[in-house]
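Trainee: just a sequence and a predicted model for now, questions to come.
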Amino acid sequence: MASLFAQGKEPEVLFWVGCAGSFDDRAKKITKAFVKLLDKAGVSFAVLGTEESCSGDPAKRAGNEFLFQMQAVTNIEVMNGYGVKKVVTACPHCFNTLKNEYPGLGGDYEVVHHTQFLKQLLEEGRLTLQGGAFRGKRITFHDPCYLGRANNVYEAPRELIRKLDAELVEMKNCKQRGLCCGAGGAQMFKEAEKGDKEVNIERTEQALETQPEIIAAACPFCNTMMTDGVKNKEKEGTIAVLDIAELLAKAEDL
Amino acid sequence: MDYLPNILFAALLIAGIGYFTKNVKKLRRNILLGRKADLSDNRPQRWKNMARIALGQSKMVVRPVAGLMHIIVYLGFIIINLEVLEIVIDGLLGTHRVFAFMGGFYDFLIASFEILALLVIVAVVVFWLRRNALRLARFVKPEMKGWPKNDANWILYIELILMTLFLTMNASDLHLQRMEVAHYTEAGSFPVSQWITPLFEGMSASTVVLIERTAWWLHIAGILFFLNYLYYSKHLHILLAFPNTFYGNLKPKGQFSNNEAVTKEVRLMMDPNADPFAAPAEDAPPPEKFGASDVKDLNWVQLLSAYTCTECGRCTSECPANQTGKKLSPRKIMMDTRDRLEEVGRNLDKNGGTFVDDGKQLLDDYITREELWACTSCNACVEACPVSIDPLSIIMNMRQYLVMEQSAAPAELNVMMGNIENNGAPWPFNQMDRLNWANETA
């Protein structure tokens, strides 16, 4: 962003990479897949790079409102400094926080999730899909809480799966009644409380009931939880957990 | 002496409604112990939500069996209560079925009441079986032991008794009409209770009059009792579901409100011109606690919700933490909030309106930390609630208290927050490495 800004150029959209997308080895693959799709569609985009900092979501959900607002205000200053208008992110937690919680602190942007953005690119014809690799494959989609229930985005990711000519199979708990992967509310960063099962195992079992070849995710944290769940069930040889962006990039051989 | 029944009736009515009014005032006082929350915005949308969710029962039918049964009892409750108006007038004036002048329409009304009453009986039996014979998981969770379980059954018994009395009253009335007993002029159509009348064959008119009067008095007395039972029961939802859906959250569920007290602090910290040694003004009120440790730290809508909760447990059955055996139950969060609020209310009553510290609070004495930290903030409970209750907001307020007032977060979360503070990510990575991915090969 800094270099584009210095050249006096304004990108179409700011890609908010997020902490997982920047640092987590698995999530970085999602980041790269999404960037390939953006490049293919000829979207001019920028990233904040080293000027990006945690959105504050895990701090807020953990109860540290102070740390959250410090993060938010700092990020907002950076983004407002660059005159950012539109933001796209592959992380539903960043998406939710930037879209809903930043406006009250002075950060007003049009914020979209990468599945919404990709759907729009397809509709505008800027991105085309041949869909070969996934034709007829059984794909089940795990709704991220912060995309689905939190923001009522259920259709964009599903539409993208259908565009792949894949067979979309729904779990018994989906959309409004989708079961959490177990990572939200800062649970990602701690051991779970005492119980008789891990949430991600429960959710993975629901996914396996649909006998999928692929479990599609749209959140780096869900991806981790579902991947761990599939490994726990020793199914990693037959079932892949992939982000929607990865599915699209693979379909296009990117 | 002729007016004795009328006077007795008026006295019963005044006592019943008077006591209820007294408790409603208490209810209002308790709810307003909560912090202020301005929810006067977007009234058209709020009315719409109330019409759709409370009046229209839109969320009940997510679970079709319970939803359909509930709609029957709900319609029965509203429609049969039209009859109460007539009963009250009859009671006060000593008339017999004062609305009978409506003729065919009156017949239609009474017939509909009767059919609904029968359907209510069926629904109540189904409800009872679900709770006591099928023992559906959500009705037998640990927080449902004792009073909550008995309360639920009592409501069903009372409804069953009221409907039986209503039909008995109609049946004996019909029998007396057929016998052409004075005062019992012909009025109404009785598709259900006509099947009860054979029971009265061979009885003298005075016996049947006695049965009719007993059923009539017990029915109206039962209704007044039930009205007063509400305040002590989860059944309060029949009234509070309406304001609660009206004041329900209109924002996206993922949007947690930003704590304004914190915003002030943050602004002050970021302001280079702020005087770091500024003392608060002499007359400044003591700073508000961050987050919530007791009911008074919650806002009034959260407290209204606690009274609205009817303990159906749809929230708990959708909760990922509860499903996997953790202690957290969103329903228990609401029940605990109400129980503590009631305790605070009784404290106020006892001490002439001032709260005397009882050494207790909502946190720890009712809701444990283990419950609070088990939440994934997934909003499943909020989505599931048929009357727009938001247990998640209470959990988050209490976490705020634990973290910002007590620094009592689990150690792993402190590490995560330390990382965010120091290097802008929940993990210990250097902020300068944020863009490394761009130079790595796939």
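Mentor: Looks like it came in fine.

Trainee: distance of B:Phe139 from chain A?
Mentor: Applying CB to the nearest CB, to the nearest Å, the value for B:Phe139 to chain A is 20 Å. From N, CA and C alone the C-beta is placed, and that goes for glycine too.

Trainee: mind listing what that residue touches?
Mentor: B:130-131, B:149, B:152, B:313 (CB atoms under 8 Å, 6 or more residues apart in numbering or on different chains).

Trainee: give me the residue from the stretch 1-150 of chain A nearest chain B.
Mentor: Nearest residue of the stretch 1-150 of chain A to chain B (CB to the nearest CB) works out as A:Ala150 at 2.6 Å.

Trainee: pick out the most distant pair among the contacts of B:Phe139.
Mentor: B:Arg130 and B:Lys149 (12.8 Å; CB to CB).

Trainee: who touches the helix or strand where B:Glu212 lies?
Mentor: When elements are assigned from DSSP states H and E, B:Glu212 belongs to helix B:205-229. The contact list for helix B:205-229, computed with CB under 8 Å, 6+ apart, reads B:9, B:12-13, B:15-17, B:19-20, B:23, B:84, B:87-88, B:91, B:154-155, B:158, B:161-162, B:165-166, B:168-169, B:172-173, B:175-176, B:179, B:181, B:184, B:200, B:203, B:235.

Trainee: what helix or strand does A:Phe117 sit in?
Mentor: helix A:114-123.

Trainee: measure stretch B:35-47 end to end?
Mentor: End-to-end span of stretch B:35-47 (CA to CA, to the nearest Å): 23 Å.

Trainee: that one: how far from the chain's middle?
Mentor: Computed by CA atoms, centre = their mean, to the nearest Å, the separation of stretch B:35-47 from the middle of its chain amounts to 19 Å.

Trainee: mean confidence score for it?
Mentor: Here stretch B:35-47 scores 92 as its mean pLDDT.

Trainee: for that stretch, buried residues please.
Mentor: B:35, B:39, B:46 (16 or more other CB atoms under 10 Å in any protein chain shown).

Trainee: one step back: need the next SSE after the helix holding B:Glu212, C-terminal direction.
Mentor: Following helix B:205-229 in sequence, per DSSP H and E, is helix B:237-246.

Trainee: by contact count, what packs against that following helix?
Mentor: helix B:43-49, helix B:300-308 (3 or more CB pairs under 8 Å, 6 or more residues apart in numbering or on different chains; DSSP states H and E).

Trainee: so which residues make contact with the last one?
Mentor: The set of residues external to helix B:300-308 that reach it, using CB under 8 Å, 6+ apart, is B:27, B:30-37, B:39, B:236-237, B:240-241, B:243-244, B:247, B:295, B:334-335, B:337-338, B:341, B:387-390, B:393-394, B:397.

Trainee: tell me the SS of A:Leu14?
Mentor: At A:Leu14 the chain is in strand, as set by DSSP: H, G, I helix; E, B strand; the rest coil.

Trainee: surely it and A:Val84 touch.
Mentor: Yes: using CB atoms under 8 Å, A:Leu14 is in contact with A:Val84, at 4.9 Å.

Trainee: quick one: stretch A:5-13 near chain B?
Mentor: No: where contact is defined by CB under 8 Å from any CB of the partner chain, no part of stretch A:5-13 touches chain B; the two come within 14.8 Å at best.

Trainee: so for that stretch, what gets flagged as buried?
Mentor: Applying 16+ other CB under 10 Å to stretch A:5-13 flags A:11, A:13 as buried.

Trainee: do stretch B:120-137 as well
Mentor: B:120-121, B:123-124, B:126-128, B:130-131.

Trainee: again, but for stretch B:48-62
Mentor: B:49-50, B:53-54, B:57, B:59-60.

Trainee: got it, and stretch A:135-149?
Mentor: Neighbour-count burial for stretch A:135-149, with 16+ other CB under 10 Å as criterion, is recorded at A:137, A:139-149.

Trainee: over to stretch B:225-237?
Mentor: Buried residues in stretch B:225-237, counted by 16+ other CB under 10 Å: B:226, B:228-231, B:233-237.

Trainee: circling back: which of the contacts of helix B:300-308 fall in helices?
Mentor: B:27, B:30-31, B:237, B:240-241, B:243-244, B:334-335, B:337-338, B:341, B:393-394, B:397 (DSSP state H).

Trainee: ok, of those, which one's closest to B:Tyr74?
Mentor: Nearest to B:Tyr74 among the ones in helices among the contacts of helix B:300-308: B:Ala241, at 9.7 Å, using CB to CB.

Trainee: give me the distance between the closest one and A:Leu37.
Mentor: 47 Å (CB to CB, to the nearest Å).

Trainee: do A:Glu159 as well
Mentor: Distance of A:Glu159 to A:Leu37, computed by CB to CB: 15 Å.

Trainee: who's more crowded, the two?
Mentor: Ranked by neighbour count (other CB atoms under 10 Å in any protein chain shown), A:Glu159 and A:Leu37 place A:Leu37 first, with 21 against 16.

Trainee: helix, strand or coil for the more buried one?
Mentor: A:Leu37 ends up helix, using three-state DSSP.

Trainee: my guess is it contacts A:Asp243. True?
Mentor: No: contact between A:Leu37 and A:Asp243 fails when scored by CB under 8 Å: they sit 11.1 Å apart.

Trainee: now the helices: where do they sit in the stretch 251-400 of chain B?
Mentor: With DSSP state H, counting those that start in this stretch applied, the stretch 251-400 of chain B shows helices at B:260-270, B:300-308, B:314-318, B:320-323, B:330-350, B:362-365, B:369-373, B:380-384, B:391-400, listed in chain order.

Trainee: least reliable of those helices by average pLDDT, please.
Mentor: helix B:260-270 (a mean of 87).

Trainee: how far away from the center of its chain is it?
Mentor: Here the centre of helix B:260-270 is set off from its chain's centre by 36 Å, with CA atoms, centre = their mean.

Trainee: mind listing what's buried along stretch A:166-174?
Mentor: Buried residues in stretch A:166-174, counted by 16+ other CB under 10 Å: A:166-169, A:171, A:173-174.

Trainee: now, which of those lie within strands?
Mentor: Members of the buried residues of stretch A:166-174 lying in strands (criterion: DSSP state E): A:167-169.

Trainee: any shared contact partners between A:Leu14 and A:Val84?
Mentor: With CB under 8 Å, 6+ apart as the test, A:Leu14 and A:Val84 both reach A:1, A:109.

Trainee: check contacts around the residue nearest to B:Arg138 when sequence neighbours are not counted.
Mentor: Distances taken as CB to CB, 6 or more residues apart in numbering or on different chains put B:Gly313 closest to B:Arg138, at 3.4 Å, once the chain neighbours are dropped. The contact partners of B:Gly313, by CB under 8 Å, 6+ apart, come to B:138-139, B:141, B:144, B:329, B:331.

Trainee: hmm, stretch B:370-388 touching chain A?
Mentor: Yes: using CB under 8 Å from any CB, stretch B:370-388 reaches chain A at B:370, B:373-380, B:382-384.
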